[in-house]
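Enquirer: For reference, the sequence and a predicted model appear below.
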Amino acid sequence: MSKNNTLAHFEPVNLYEFEALAKLKLPKMVYDYYCSGADDQYTLQDNIEAFRRLRLIPRVLVDISAQDISTTILGVPSSFPLIIAPTAMQRMAHHDGECATARAAAKNGVIMTLSSWSTTNIEDVAKAAPNAPRWFQLYVYKDRDVTAKLVRRAEKAGYLAIALTVDTPRLGRREADIHNKFSLPSHLTMANFAEDDGREKSHMEKSSGSGLAAYVASLIDRSLSWKDIAWLKSITRLPIIVKGVVTRADAEIAVRNGVAGIIVSNHGARQLDTSLATIDCLEEVVTGAQGRVPVFVDSGVRRGTDIVKSLALGAQAVQIGRGVLWGLAVGGEEGVDRVLKLLRDEFELALGLCGCRTVKDIRRDMVVRLNELPLQKKHSFGLAQSNGQLHGMNNFSNHSRL
Ligand SMILES: Cc1cc2nc3c(=O)[nH]c(=O)nc-3n(C[C@H](O)[C@H](O)[C@H](O)COP(=O)(O)O)c2cc1C
Ligand SMILES: CCCCC(=O)C(=O)O
């Protein structure tokens, strides 16, 4: 670890400590943009608290001397069930920005998703870590030619899937960005858009409020609807994953429209405040997906135990957004590497302590919601006393000592 690196002086041991260090390093406007949720930030808080309301139920005396935490995501091996979520404008966190993230992802054997609004372009990120698996996140511009060009470039540069973000027809109201008059620092650009796409796409003009809100309002296509999945499929052979589904009904429509995967996401609570925490929506979406496509989840994942809980509720992998930004801000590629290793170690430990050797051993009955504990609500959830034992759904009777 390099000497003049913050990491050399204080070694963060969890994502919260990475955030605290990042806050010290970043300009206020940038930290505020990265950390904020929409409006009163109820969902921001709930994304974390909902994971805490879920408790784990371990089994013991299982031989975990040879753990294997690897998995496969849409046919691609992953060292553990985590994908890097797309986050915009990473060079505000560190001058190496998206390239540092790509290299750390490659080193750790996980998929990185590049944002449409990266500050390094599609091709340069691909070159930073050739042969590493990457997805491309798509925002659909009113100008469909510009959108199609982005998709073609991602395909040509070897990205493996398109993550179509569906929760952002308009930008959520992030009040700190309004106060700070957030805009992209002038030495950076939205690097996927050259001047010939129109200067307004590659630059974010200063505005009287959030420059990002103004950018989205003028350029992003609010008319985007389910019929556009067919349009997208007509212009690319890449699998399409919808990012931002939170209901069973939408999951069913997504499957009918031939998507290859669904990401349960509330955009890190940056869009619709007071919407449910995503971990509380996950099972509904899994039901809607009918086992026909993989379901992923993000928003609020901060711990290895959160990954175990997500898999127990039916996700194939989680995504993390802010955690990577904090690592990037603290130590560039090395910081992201450290964040990924931390989460991997936490996940492996939690999995082993739950009595699981592999991700396939994770079961639904390993998690319970605090308000569904049988001893607190004896008469709910089909629980009944019999032979002095509690019998409930989810095989909870196996855990009557609780
Ligand atoms: C600063 C920031 C920028 C983001 N930019 C994008 C983006 O460009 N495209 C997108 O689909 N989602 C974007 N997201 C949402 C993330 O992909 C992801 O859904 C969210 O960060 C997950 O929550 P977490 O930060 O609690 O892990 C962004 C999130 C943050 C915090
Ligand atoms: C349209 C949103 C742009 C980046 C983003 O997704 C975010 O700031 O949350």
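Expert: Received the coordinates, thanks. Ligands and ions are numbered 1, 2, ... in the order given.
Enquirer: secondary structure element for the closest residue to residue 59 other than its chain neighbours?
Expert: Sequence neighbours aside, residue 355 is the residue nearest to residue 59 in space, at 3.5 Å (criterion: CB to CB, 6 or more residues apart in numbering). Where you see a C-beta, it was placed from the backbone N, CA and C, and this is true even at glycine. In the assignment (DSSP states H and E), residue 355 maps to no helix and no strand.
Enquirer: Hmm, residue 355 is touching residue 64, no?
Expert: Yes. Counting by CB atoms under 8 Å, residue 64 is a contact partner of residue 355 at 7.2 Å.
Enquirer: residues in the stretch 101-250 of the chain within reach of ligand 2, list them.
Expert: Residues of the stretch 101-250 of the chain found near ligand 2 (CB under 6 Å from any ligand atom) are 117, 168, 171, 212, 216.
Enquirer: Quick check on residue 368: phi, psi?
Expert: Dihedral angles phi and psi of residue 368 (degrees, to the nearest 10) take the values phi -140, psi 150.
Enquirer: Report the set of residues contacting both of residue 355 and residue 64.
Expert: The overlap between the contact sets of residue 355 and residue 64 (CB atoms under 8 Å, 6 or more residues apart in numbering) is empty.
Enquirer: okay, now the domains of the chain?
Expert: Per automatic domain parsing, the structural domains of the chain span 12-353, 371-399.
Enquirer: could you dump these to CSV with mean neighbour count?
Expert: Putting the domains of the chain into CSV (neighbours: other CB atoms under 10 Å) gives the following:
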stretch, mean neighbour count
domain 12-353, 20
domain 371-399, 13
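Enquirer: Now for residue 244: which residues touch it?
Expert: 165-168, 263, 265-267, 271.
Enquirer: if I look at the residue nearest to residue 59, how far off is residue 62?
Expert: 4 Å (CB to CB, to the nearest Å).
Enquirer: Helices of the stretch 101-250 of the chain, residue ranges please.
Expert: For the stretch 101-250 of the chain, applying DSSP state H, counting those that start in this stretch gives helices covering 122-128, 144-156, 175-180, 199-202, 211-219, 227-235, 248-256.
Enquirer: what's the closest of those to residue 312?
Expert: With CB to CB, the closest approach to residue 312 among the helices of the stretch 101-250 of the chain belongs to helix 248-256: 18.5 Å.
Enquirer: Compute the inter-axis angle for the closest one and helix 227-235.
Expert: Computed by axes from the mean of the first three to the mean of the last three CA atoms, to 10 degrees, the angle separating helix 248-256 from helix 227-235 equals 30 degrees.
Enquirer: The next helix or strand after helix 248-256 pairs with which strands, and in what direction?
Expert: The helix or strand immediately downstream of helix 248-256 is strand 261-264, counting by DSSP H and E. When pairing is defined by DSSP bridges, strand 261-264 lines up against strand 240-245 (parallel), strand 295-297 (parallel).
Enquirer: As a markdown table, the ones you listed with mean pLDDT and distance to residue 325 would be great.
Expert: Output for the strands paired with strand 261-264, formatted as a markdown table (pLDDT from 0 to 100; distance: least, CB to CB, whole Å):
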| stretch | mean pLDDT | distance to residue 325 |
| --- | --- | --- |
| strand 240-245 | 98 | 17 |
| strand 295-297 | 99 | 19 |
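Enquirer: Output those strands as JSON lines; include the columns distance to residue 153.
Expert: Formatted as JSON lines, the strands paired with strand 261-264 follow (distance: least, CB to CB, whole Å):
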{"stretch": "strand 240-245", "distance to residue 153": "16"}
{"stretch": "strand 295-297", "distance to residue 153": "24"}
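Enquirer: Leaving out chain neighbours, which residue sits closest to the residue of the stretch 251-400 of the chain found nearest ligand 1?
Expert: Residue nearest to ligand 1 within the stretch 251-400 of the chain (CB to the nearest ligand atom): residue 321, separated by 2.0 Å. Excluding the flanking residues, the one nearest residue 321 by CB to CB, 6+ apart is residue 85, at 4.1 Å.
Enquirer: my guess is the one you found meets residue 114, correct?
Expert: No. Residue 85 is beyond contact range of residue 114, at 10.5 Å (criterion: CB under 8 Å).
Enquirer: before we move on, back to that, can you tell me which residues contact the residue of the stretch 251-400 of the chain closest to ligand 1?
Expert: Contacts for residue 321 (CB under 8 Å, 6+ apart) come out as 85-87, 268, 298-299.
Enquirer: Which members of these additionally contact ligand 1?
Expert: Answer for the contacts of residue 321 near ligand 1 (CB under 6 Å from any ligand atom): 85-87, 268, 298-299.
Enquirer: between the residues you listed, which is closest to residue 185?
Expert: Using CB to CB, the ones next to ligand 1 among the contacts of residue 321 come closest to residue 185 at residue 87, 16.1 Å.
Enquirer: check contacts around that closest one.
Expert: Applying CB under 8 Å, 6+ apart, the residues near residue 87 are 34, 115, 321-322, 324-325.
Enquirer: Name the residue of this protein that lies nearest to ligand 2.
Expert: residue 88 (3.8 Å).
Enquirer: Excluding chain neighbours, give the residue nearest to that residue in space.
Expert: Per CB to CB, 6+ apart, closest to residue 88 is residue 117, 3.8 Å.
Enquirer: For residue 203, give me the pLDDT.
Expert: Looking at residue 203, its pLDDT reads 88.
Enquirer: Residue 215 contacts residue 204, correct?
Expert: Yes. The criterion here is CB under 8 Å, and residue 215 meets it with residue 204 at 5.2 Å.
Enquirer: those strands in this structure, which residues are they?
Expert: Using DSSP state E, the strands of the chain run over 54-56, 71-73, 76-78, 82-84, 111-114, 134-138, 161-165, 240-245, 261-264, 295-297, 317-320, 367-369, 384-386, 389-391.
Enquirer: Which of the residues of the stretch 101-250 of the chain next to ligand 2 sits closest to ligand 1?
Expert: Once CB to the nearest ligand atom is applied, the member of these that ends up nearest ligand 1 is residue 117, at 4.8 Å.
Enquirer: contacting residues for the closest one?
Expert: Listed by CB under 8 Å, 6+ apart, the contact partners of residue 117 are 88-89, 139, 190, 192.
Enquirer: now residue 173
Expert: 38-39, 213.
Enquirer: pLDDT score for it?
Expert: Looking at residue 173, the pLDDT reads 97.
Enquirer: Quick check: the gap between it and residue 166.
Expert: Using CB to CB, residue 173 is found at 19 Å from residue 166.
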